[in-house]
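K.L.:
need a 3D model of the sequence below.
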Amino acid sequence: MTRPEQQTTELVNDLMTGFAERTGLVGERPPKRYLWTDAFAVCNFLELERRTSDQSYRELALRLLDQVHHVLGRHRSDDPREGWISGLAADAGERHPTQGGLRIGKTLRERLPDEAFDERLEWERDGQYFHYLTRWMHALARLGIATGEPGYIRWALELAETAFERFSYEATLDGRRRLVWKMSIDLSRPLVGSQGQQDPLDGLVTCLELQHAAATLDGPGAPSLDRQIAGLSAMCATQPLSTADPLGIGGLLTAAHALAQLTSAGDRGYEDLIVMLLHDALPGLQFQAAGRDALSMPADDRLAFRELGLSIGLRALQRIGDLAARHPEAFRSLPALGSRLERLMPYLPLIDAIEDFWLAPLNQSGRLWKEHEDIDAVMLATSLAPAAYLCLSPC
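P.N.:
All right, here's what the predicted structure looks like:
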């Protein structure tokens, strides 16, 4: 369904207003920050500013950035440690708030070194996730481009350098570099040593985005992430990416769109990866469309934010064809692109199926939506109005 732009803007405003009030971004409540959700929220506020020309939305994005750095960049209130998790002194931490990474924002404190591992409990414990850090790098890059302030890009670059250095290691069996799934708050020890399926891809695409953004704002003398890009490219070459998880499928499509934007801007070398990502997304889309997974279940058996990751990815897929049509010379070396897109386009109606389901008040009143209301609402807003999140340059 194509909604009038004004209606969409009002829906997104309502979703983001509720989020801001619940999480202490406005009002008297103490800040309740969660890195993944907040990264999407920054982009949503920038999108509302773009649609309305109302500067107050940019002010909310900047206030959110400040809260994230001063809450998730510092030790928890129930931790005997104090100050910046980087270990920097107060003034240095203000200048480099991302240098030590950023906490996830989970409810429970991290597992102590002498505590037994409990897989169920670990999902609720704090620490640092690589793929959450990449989302915050992306948000910082969007802020930098939207405001023209290179300082946000520099914070993102510092975070990229820290994340690659502390999450990557050389495996003893085959000598290849891999990424840890979850690290401790101070990045001194792994909490979950396995590698996330899409973490290398997330890292590669984000580092390419940051390098492009830095060059856009700083010119030829911009800092380089060449070492990180080379390492993450090598990891991607050996990592299977097909998945039936809706959030994962959306991640493949969003990554393909980001690479397509870079390709259309003149960056070369990742054209084959675009085609591979579209190829790897197809089996999962076929599975989802067949109704054999969560999309056929009632609201209390579904995780909205995972499905909305898929609809955001499908929004990105729509834009790849537009890019190829506008910049045919950039994609001339990809004769397979057209056929890949043709096989995926029939799944675009899933966007409406997902959005309409989660816009229904009855489904938003369910137990699982309420348990995850902040992340659900913010990602629904992104799906409805994705431009600021998806565009690597001003939209």
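
K.L.:
for the stretch 201-350 of the chain, which spans come out with low pLDDT?
P.N.:
219-221, 291-294 (pLDDT under 70).

K.L.:
strands of the stretch 1-150 of the chain, start to end?
P.N.:
128-129 (DSSP state E, counting those that start in this stretch).

K.L.:
which parts of it are helices?
P.N.:
5-22, 35-52, 55-72, 90-95, 119-122, 130-147, 150-167 (DSSP state H, counting those that start in this stretch).

K.L.:
nearest to Pro298, of those?
P.N.:
helix 5-22 (21.9 Å; Cβ to Cβ). Yep, even glycine has a C-beta here, placed from its N, CA and C like the rest.

K.L.:
His212 and Leu259 touch, don't they?
P.N.:
No. With contact defined as Cβ atoms under 8 Å, His212 does not count as touching Leu259 (10.8 Å).

K.L.:
could you export the helices of the stretch 1-150 of the chain as CSV, including mean pLDDT?
P.N.:
Output for these, formatted as CSV (pLDDT from 0 to 100):
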stretch, mean pLDDT
helix 5-22, 98
helix 35-52, 98
helix 55-72, 98
helix 90-95, 98
helix 119-122, 94
helix 130-147, 97
helix 150-167, 96
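
K.L.:
picking up where we left off before, which of His212 and Leu259 has more neighbours?
P.N.:
Leu259 (25 against 21; other Cβ atoms under 10 Å).

K.L.:
contacts only, for the more buried one.
P.N.:
Residues near Leu259 by Cβ atoms under 8 Å, 6 or more residues apart in numbering: Val205, Leu208, Tyr270, Leu273, Ile274, Leu277.

K.L.:
A helix includes it, no?
P.N.:
Yes. Assigned with DSSP: H, G, I helix; E, B strand; the rest coil, Leu259 falls within a helix.

K.L.:
Ala213 versus that one, what's the distance?
P.N.:
15 Å (Cβ to Cβ, to the nearest Å).

K.L.:
can you tell me how far the closest residue to Pro283 other than its chain neighbours is from Gln286?
P.N.:
Distance criterion Cβ to Cβ, 6 or more residues apart in numbering; nearest residue to Pro283, sequence neighbours excluded, is Ser242 at 5.4 Å. Distance from Ser242 to Gln286, counting by Cβ to Cβ: 11 Å.

K.L.:
next, count neighbours for the residue nearest to Pro283.
P.N.:
15.
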